[in-house]
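Colleague: Take this sequence and fold it.
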Amino acid sequence: MERLADIVLTAGAGPEIAVVSTKAFTAQLAVLYLLSMSVRNKYQKGRSNIKKLGSVLKEWLNNELSNKL
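Modeller: Residues are numbered from 1 along each chain as shown. A predicted model of the protein is given here:
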C-alpha cells in the first residue's frame, strides 16, 4: 500500500511483533494528534503535550487507581 500511495504518513512505531499491536495503535494516535495540531499551527505545543503524556499517565495510573480495578 505504501508503494502505491502518493503521500505516506509513517507512524515510526518499529516492526510489528504481535497480531494485536498496542504500540502501533498508540503511535498512530500520536501521529494523528500531531497532524491535527499542525493544521492548527500548533505543532510544537502538540509535541510538548505528547512528551508530557508519559509522566501524566504514571501519575494517573498510581497504586490507588490500580487497586480499584
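Colleague: gap between residue 8 and residue 2?
Modeller: From residue 8 over to residue 2 the distance is 5 Å, taken as Cβ to Cβ, to the nearest Å. Heads up, the C-betas are built off the backbone N, CA and C, glycines and all.
Colleague: of the two, who's got more company?
Modeller: residue 8 (9 against 6; other Cβ atoms under 10 Å).
Colleague: Phi, psi for that one please.
Modeller: phi -120, psi 130 (degrees, to the nearest 10).
Colleague: show me the contacts for it.
Modeller: For residue 8, the contact set (Cβ atoms under 8 Å, 6 or more residues apart in numbering) comprises residue 2.
Colleague: how far away is it from residue 31?
Modeller: Distance from residue 8 to residue 31, counting by Cβ to Cβ: 11 Å.
Colleague: what do these two both touch?
Modeller: Common neighbours of residue 8 and residue 31 (criterion: Cβ under 8 Å, 6+ apart): none identified.
Colleague: Tell me the spacing between the residue most central in space within the chain and residue 62.
Modeller: Nearest residue to the geometric centre of the chain (Cα atoms, centre = their mean): residue 30, 2.7 Å. To residue 62, residue 30 is 23 Å away according to Cβ to Cβ.
Colleague: what's the burial count for residue 6?
Modeller: 4.
Colleague: what do you get for residue 12?
Modeller: Using other Cβ under 10 Å, the number of residues around residue 12 comes to 7.
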